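Peer 1: Here is the input, now give the coordinates:
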Amino acid sequence: MNTLLKKLFTLTTFSLALLPAQNAVHAQCKNSIDENIYKELPFNMPKVEQPSFPDYTVSILQFGAKSDGTTLNTKAINDAIKAVNAKGGGKVVIPEGLWLTGPIELLSNVNLHTEKNALVVFTDDFNAYPILETSFEGLNTRRCQSPISARNAENIAITGYGVFDGSGDSWRPVKKSKLTAGQWDALVKSGGVVDKSIWYPTAGSLKGALACKNFNNPEGIETDEEWNEIRPWLRPVLLNIVKSKRVLLEGVTFKNSPSWCLHPLSCEHITINQVKVFNPWYSQNGDALDLESCKNALIINNIFDAGDDAICIKSGKDEDGRKRGEPCQNVIVKNNTVLHGHGGFVVGSEMSGGVKNIYVTDCTFLGTDVGLRFKSTRGRGGVVEGIYIHNIHMIDIPHEALLFDLFYGGKAAGEETEEDLKGRMKTAVPQVTVETPSFRDIHISNIICKGSGRAMFFNGLPEMPIRNVTVKDVIINDAKEGVIISQAEGVTLENIRIETKGHTLDVKNAKNLKVDGKVYSAIGAEGKMLDF
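Peer 2: Alright, predicted model coming up:
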């Protein structure tokens, strides 16, 4: 009798755990945000609002989800989200297990919570992802629906301890130069097609690539049939949250994205805290985070390992970005570690709506191609201003520790030759228009880097020099080259120590350069070699 009672008690307890709690009291997500983060900011910004949810919980098990690695749980997960949204909000729990699914759509007032050892794997069936009107790389275009998305939502979160895997290897092209001979042979034998030393997963993917003249957005594709044919090329970002407010990503891991990994677009009050992003280093367009045209954001306590730029600030591209007219502003980037990426912290190149009031502090970059990377080009327009960067530690940076490149050509550092850059710089100087990008009022301090290529490179436009940049208290050891400054005005260098075998400071086409208090009012095209 005692044994039977114990079994009934256990069964009842388990059943109750699966039932939704009926208490409608709102409870804020576990708040691990240190309020001191707002102290001594160099600009005014409101505190980032955190979401809160009713004390109401359901499990995806209640909606028929099965953790067997083969059952497609798309309907079960989305039905759970819809049910909690209809109830007024609460938590949807993904328990421990391996859950195969198609696209998940977050709705207002829902916290999608993953328990420990929960692994969510998105199907590699391209047809599971409808082709939608969206924005990618700053342009209005069509892409496949993202594995995780939300639009016009409020008060949403993804929290917990689980992993979301985007099955990106099924989508991405791969360059032969990024693999060993054995890896390349195995990839080619797996199927797909090869063109000019690039492997594509399908012929449709290659057709989409060939239709792209402007980065990765195809041109000349008109009919639904043509779009469907290139569906495998329309690689979605893993997480796309658009025009939403009070957004929290906390604790979870995102990996193996088809394209960019995390892409909040036109959002307000967004927090990304204690998140991990892992993409293979060879992953084409495998950015970790692209925060685009967002307002009031915290990017804190995260680990990023990317195949492209790691922490990237954007605001739309060219005319599309200028028409949107939404700057990315009021952002704190603090206590983040970047293990790999084309750039540790990056602004651009899609910054046509403007970027302002960004504070980056207490971050570590380990082997990123470039440390601090500012990039744009003619045609973008937009103003980048009010950027403050402090207390950054870097090691093994193969290219620049600090880079301003206003002649960006779309390639990663190291993939472009000096001849390519010089060719673009020799073009005729245009008039200043709305298409002219502007970088100004940027302040960088307390930087330590051990091992770099060129220590710093300032490369502004002749018609729009880089203006009012302060760099102070910097130590760069074991640099292959020193500092080059070209097309800049009002640059201040103070207490800079560069250890390099080459010359320390090479300047041309600069005005009002200040080096440790000494002012050089004008240095022309003939150039001048200086020392710190």
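
Peer 1: can you list the weak-confidence ranges in the stretch 401-532 of the chain?
Peer 2: Across the stretch 401-532 of the chain, residues meeting the criterion (pLDDT under 70) sit at 416, 420-421.

Peer 1: can you do 90?
Peer 2: Within the stretch 401-532 of the chain, the stretches with pLDDT under 90 are 409-428, 501-503, 531-532.

Peer 1: those helices in it, which residues are they?
Peer 2: All helices of the stretch 401-532 of the chain, identified by DSSP state H, counting those that start in this stretch, fall at 418-425.

Peer 1: With the stretch 201-350 of the chain instead?
Peer 2: Counting by DSSP H, counting those that start in this stretch, the helices of the stretch 201-350 of the chain are 203-210, 224-229, 318-324.

Peer 1: For this protein, which residues score under the pLDDT cut-off?
Peer 2: Applying pLDDT under 90 to the chain flags the ranges 1-35, 40, 213-217, 409-428, 501-503, 531-532.

Peer 1: Domain map for it?
Peer 2: Segmentation of the chain into domains, based on automatic domain parsing, reads 173-234, 309-532.

Peer 1: Of those, flag the one that's most buried.
Peer 2: Each of those was scored by mean neighbour count; the highest is domain 309-532, a mean of 20, by mean count of other C-beta atoms under 10 Å. Where you see a C-beta, it was placed from the backbone N, CA and C, and this is true even at glycine.

Peer 1: N495 contacts D516, doesn't it?
Peer 2: Yes: N495 is within contact range of D516, at 7.1 Å (criterion: C-beta atoms under 8 Å).

Peer 1: which residues sit against stretch 190-201?
Peer 2: Contact partners of stretch 190-201, identified using C-beta atoms under 8 Å, 6 or more residues apart in numbering, comprise 170-177, 184, 187-188, 202-203, 205-206, 209, 232.

Peer 1: helix or strand for D185, which one?
Peer 2: Here D185, judged by DSSP states H and E, is contained in helix 181-189.

Peer 1: just checking, next helix/strand downstream of that helix?
Peer 2: Using DSSP H and E, the helix or strand that follows helix 181-189 towards the C-terminus is strand 193-195.

Peer 1: continuing past that following strand, what's the next helix or strand?
Peer 2: Next along the chain from strand 193-195, counting by DSSP H and E, comes strand 198-200.

Peer 1: Name the strands paired with that following strand and say parallel or antiparallel.
Peer 2: If you go by DSSP bridges, strand 198-200 pairs up with strand 174-175 (antiparallel), strand 193-195 (antiparallel).

Peer 1: Pull the distance from the shortest one to the chain's centre.
Peer 2: The reference is to strand 174-175. Centroid separation for strand 174-175 versus its chain: 20 Å, with C-alpha atoms, centre = their mean, to the nearest Å.

Peer 1: what's the answer for stretch 132-151, then?
Peer 2: Chain-centre distance of stretch 132-151: 15 Å, with C-alpha atoms, centre = their mean.

Peer 1: For beta bridges, what are the partners of the residue most central in space within the chain?
Peer 2: By C-alpha atoms, centre = their mean, the chain has its centre lying nearest to L289, at 1.8 Å. On the basis of DSSP bridges, L289 is bridged to L262, I311.

Peer 1: I'd like to know how far it sits from V333.
Peer 2: As judged by C-beta to C-beta, to the nearest Å, L289 and V333 stand 10 Å apart.

Peer 1: any shared contact partners between these two?
Peer 2: Common contact partners of L289 and V333 (C-beta under 8 Å, 6+ apart): 299, 311.

Peer 1: which residues of the stretch 1-150 of the chain fall in strands?
Peer 2: Along the stretch 1-150 of the chain, counting by DSSP state E, counting those that start in this stretch, strands occupy 26-28, 52-54, 57-59, 90-94, 97-101, 104-105, 110-114, 118-122, 131-136, 139-144, 148-151.

Peer 1: want to throw those into a markdown table with mean neighbour count?
Peer 2: Shown next, in a markdown table, are these (neighbours: other C-beta atoms under 10 Å):
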| stretch | mean neighbour count |
| --- | --- |
| strand 26-28 | 13 |
| strand 52-54 | 20 |
| strand 57-59 | 20 |
| strand 90-94 | 25 |
| strand 97-101 | 21 |
| strand 104-105 | 20 |
| strand 110-114 | 26 |
| strand 118-122 | 22 |
| strand 131-136 | 18 |
| strand 139-144 | 20 |
| strand 148-151 | 22 |
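
Peer 1: Would you convert these into TSV that also reports distance to S438?
Peer 2: Listed next are the strands of the stretch 1-150 of the chain as TSV, based on distance: least, C-beta to C-beta, whole Å:
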stretch	distance to S438
strand 26-28	40
strand 52-54	40
strand 57-59	50
strand 90-94	45
strand 97-101	44
strand 104-105	38
strand 110-114	40
strand 118-122	40
strand 131-136	23
strand 139-144	21
strand 148-151	31
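
Peer 1: Y408 is nearest to which of these?
Peer 2: The closest of the strands of the stretch 1-150 of the chain to Y408 is strand 139-144. By C-beta to C-beta, the value is 15.8 Å.

Peer 1: So what are the sheet partners of that closest one and their directions?
Peer 2: Sheet pairing for strand 139-144, using DSSP bridges, gives strand 131-136 (antiparallel).
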